[in-house]
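>>> next come a sequence and a model predicted from it.
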Amino acid sequence: MQTAIFGGGCFWCIDAAFRRLKGVQSVLSGYSGGHLDNPTYQDICTGLSGHAEVVKIEFDEQIISYSTLLQIFFELHDPTQLNRQGNDVGTQYRSVIFYLDDVQKLASLKMLASQQAFFADKIVTELSPATLFYSAETYHQDYYRDNPNQPYCSIMIGPKLAKFSANYEALLAQ
């Protein structure tokens with residue numbers, strides 16, 4: 001198993017998509033990149049802990065590659081928005097890739113360079129070595145599955161998942 005850690009705005013949004021992929025064994029929403037030990041959601045929401053909302057993805061590289069996960073990551077959010085995604089504003093919503101080794105760092109650098117051609121604005125995705133990952137509270141895990149009719153989910157996540165599913169049908173788990 002391999003691990004990938006990405007932050008692309010609200011973790012509920014990207015968690016829901018990555019869970020649907022063949023080869024993804026687990027997705028855990030959490031916090032990384034900050035200076036506070038054992039942060040809570042309330043700590044993160046202040047924007048003062050330095051953490052980003054992220055997902056930690058355990059995947060089988062024989063089934064899905066890290067590069068494919070990176071490609072999907074860039075399609076799930078707008079990497080040109082600094083410290084925000086839509087109405088979610090703050091450093092906790094920043095676009096970030098936390099790499100775990102030099103292979104991931106190189107793959108991420110290559111993907112960042114290739115993705116820039118698709119955006120008029122400069123990509124601001126942070127590329128950083130992985131730091132401590134803290135699991136988010138239980139109610140954040142697989143949030144969309146448990147709350148599809150919650151207004152944020154139905155307005156923001158539902159349409160994003162529909163587009164994602166259409167674009168990546170061949171990669172979806174049954």
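Alright, I've got the coordinates.
>>> in a strand, residue 153, correct?
No - Residue 153 sits outside any strand when classified using DSSP: H, G, I helix; E, B strand; the rest coil, being helix.
>>> make sure it is actually in contact with residue 144.
Yes - using CB atoms under 8 Å, residue 153 is in contact with residue 144, at 5.3 Å. Every residue, glycine included, has its C-beta placed from N, CA and C.
>>> what is in contact with those two at once?
residue 12 (CB atoms under 8 Å, 6 or more residues apart in numbering).
>>> helices of the protein, start to end?
If DSSP state H is used as the criterion, the helices of the chain fall at 11-18, 41-45, 66-76, 102-115, 143-146, 151-152, 158-167.
>>> CSV for these, including distance to residue 174, mean pLDDT and mean neighbour count?
Formatted as CSV, the helices of the chain follow (distance: least, CB to CB, whole Å; pLDDT from 0 to 100; neighbours: other CB atoms under 10 Å):
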stretch, distance to residue 174, mean pLDDT, mean neighbour count
helix 11-18, 16, 96, 25
helix 41-45, 33, 96, 16
helix 66-76, 18, 97, 19
helix 102-115, 27, 97, 15
helix 143-146, 16, 96, 16
helix 151-152, 28, 92, 12
helix 158-167, 12, 93, 14
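>>> buried residues, stretch 167-174. List them.
Buried residues in stretch 167-174, counted by 16 or more other CB atoms under 10 Å: 168, 171.
>>> so how far is residue 114 from residue 132?
As judged by CB to CB, to the nearest Å, residue 132 and residue 114 stand 30 Å apart.
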